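Enquirer: next come a sequence and a model predicted from it.
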Amino acid sequence: MSSPEPERERLFFALWPDPPVRDRLDALARHVVGRNGRRTATEKLHLTLAFLGDRSAEERDCMAAAAGQVRVAPFTLRLDRIGHWRRPRILWAGASVTPPELLDLSGALNAHLAPCGYQPEARPFQAHLTLARKAAQPVALTSVEPIEWPVRSFCLVRSVIASTGSSYEILRTWTLGPEPATGVPEA
């Protein structure tokens, strides 16, 4: 008799905006989305650093420990453009210039997660924040009034999919800086 399959969680690492930045992003989404697609709920606005997929508790713990090894200085992300990807029908906000620290953060996460069984996407990291899904009308890449996002931490998030839609739960947050990152479990 085989043992039961261990319970799995859908996980990802992300940048999570603080309330003032989140409110500005929500206002931008309301302005540019209109009736063109399904706008991302305010409380779900985030920038994915690494999508981990369905993972066991053991894998989650390994990945959380690996995240604690990441050393990247805090930085400011300047979101100053919007765009549209036709195939997945995504309307997004992004930066015309990606801060080197954000690329360092993404690269460091990928490197530290590898021993836990994580394989990063083959495509290069493209920092973006999804404003709407199912956006039917293409939007020309254009500049917008910049939103300055002081990035001081990153987090591990669980995505729970239910019949009423998905919800996100931040499991742990790590502060950026030169010292060893101490993950703080969410209350």
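Expert: That came through, no problem. Numbering: from 1, shown residues only.
Enquirer: partner strands of the strand or helix carrying Phe154, with direction?
Expert: Phe154 belongs to strand 153-162 when assigned by DSSP states H and E. Here strand 153-162 is paired, per DSSP bridges, with strand 8-15 (antiparallel), strand 165-175 (antiparallel).
Enquirer: now those in CSV, with distance to Tyr118, mean neighbour count and mean pLDDT?
Expert: Any C-beta I mention is one placed from the backbone N, CA and C, and that applies to glycine too. Output for the strands paired with strand 153-162, formatted as CSV (distance: least, CB to CB, whole Å; neighbours: other CB atoms under 10 Å; pLDDT from 0 to 100):
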stretch, distance to Tyr118, mean neighbour count, mean pLDDT
strand 8-15, 10, 19, 95
strand 165-175, 16, 15, 92
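Enquirer: can you list these in TSV and add distance to Pro74?
Expert: As requested, the strands paired with strand 153-162 are exported to TSV (distance: least, CB to CB, whole Å):
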stretch	distance to Pro74
strand 8-15	11
strand 165-175	8
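Enquirer: to Met63, which of the ones you listed lies closest?
Expert: Of all those, strand 8-15 sits nearest to Met63, with 7.3 Å by CB to CB.
Enquirer: who's in contact with that closest one?
Expert: 46-57, 60, 63, 67, 77, 109, 149, 151, 154-161, 171 (CB atoms under 8 Å, 6 or more residues apart in numbering).
Enquirer: neighbouring contacts of the following helix or strand past that strand?
Expert: Downstream of strand 8-15, the next assigned helix or strand under DSSP H and E is helix 19-33. If you take CB under 8 Å, 6+ apart as the criterion, helix 19-33 is touched by 17, 39-40, 42-43, 45, 79, 82, 91, 93, 129, 131-132, 135, 139, 144, 147-150.
Enquirer: buried among these? Need that as a selection in PyMOL.
Expert: Selection of buried members from the contacts of helix 19-33 for PyMOL, criterion 16 or more other CB atoms under 10 Å:
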select buried, resi 17+39+40+45+79+82+91+93+129+131+132+135+139+147+149
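Enquirer: can you tell me the helix or strand for the residue most central in space within the chain?
Expert: Most central in the chain under CA atoms, centre = their mean is Thr48, positioned 1.8 Å from the mean C-alpha point. According to DSSP H and E, Thr48 maps onto strand 47-56.
Enquirer: pLDDT weak spots in the protein?
Expert: 1-6, 137-143, 179-187 (pLDDT under 70).
Enquirer: now the buried members of the contacts of strand 8-15.
Expert: For the contacts of strand 8-15, buried by 16+ other CB under 10 Å: 46-50, 52, 55, 60, 63, 67, 77, 109, 149, 151, 154-159, 171.
Enquirer: thank you, goodbye.
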